[in-house]
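Trainee: all I have is the shape, not the residue letters:
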């Protein structure tokens, strides 16, 4: 939390309000600090009322995985291999 000002990449936070591993208040405090540090545009947050650390209800699991999938598609791009030309470069 002390280094949120250094975050440069998008961050996805999915939090269950009944989580005992990562208490919901910790997620809320993280979001608060990110917003205060001007990192709101890098942050995607979703709260799941009544969910624990491992989401249990099928509609919550489905929603969470859809959000993860969309986040990855938007922000993770595999490096493309460099294309090689079959024609040697000209040195005029």
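Mentor: Cool, got the structure. Every value quoted in this text rests on a predicted model; they were computed, and no experiment measured them. Numbering: from 1, shown residues only.

Trainee: alpha carbons only for contacts and neighbour counts from here, please
Mentor: OK.

Trainee: against which helices or strands is the longest helix along the chain packed?
Mentor: Taking DSSP state H as the criterion, the chain has its longest helix at helix 58-75. With contacts taken as 3 or more C-alpha pairs under 8 Å, 6 or more residues apart in numbering; DSSP states H and E, helix 58-75 sits against strand 11-16.

Trainee: contact partners of the strand it packs on?
Mentor: Contact with strand 11-16 is made by 24, 27, 42-53, 55, 64, 68, 71, as judged by C-alpha atoms under 8 Å, 6 or more residues apart in numbering.

Trainee: would you mind measuring from the residue nearest the centre of the chain to residue 61?
Mentor: Residue closest to the mean C-alpha point of the chain, counted by C-alpha atoms, centre = their mean, is residue 12 at 2.4 Å. Distance of residue 12 to residue 61, given as C-alpha to C-alpha, to the nearest Å: 15 Å.

Trainee: residue ranges in the chain under the pLDDT threshold?
Mentor: 79-92 (pLDDT under 70).
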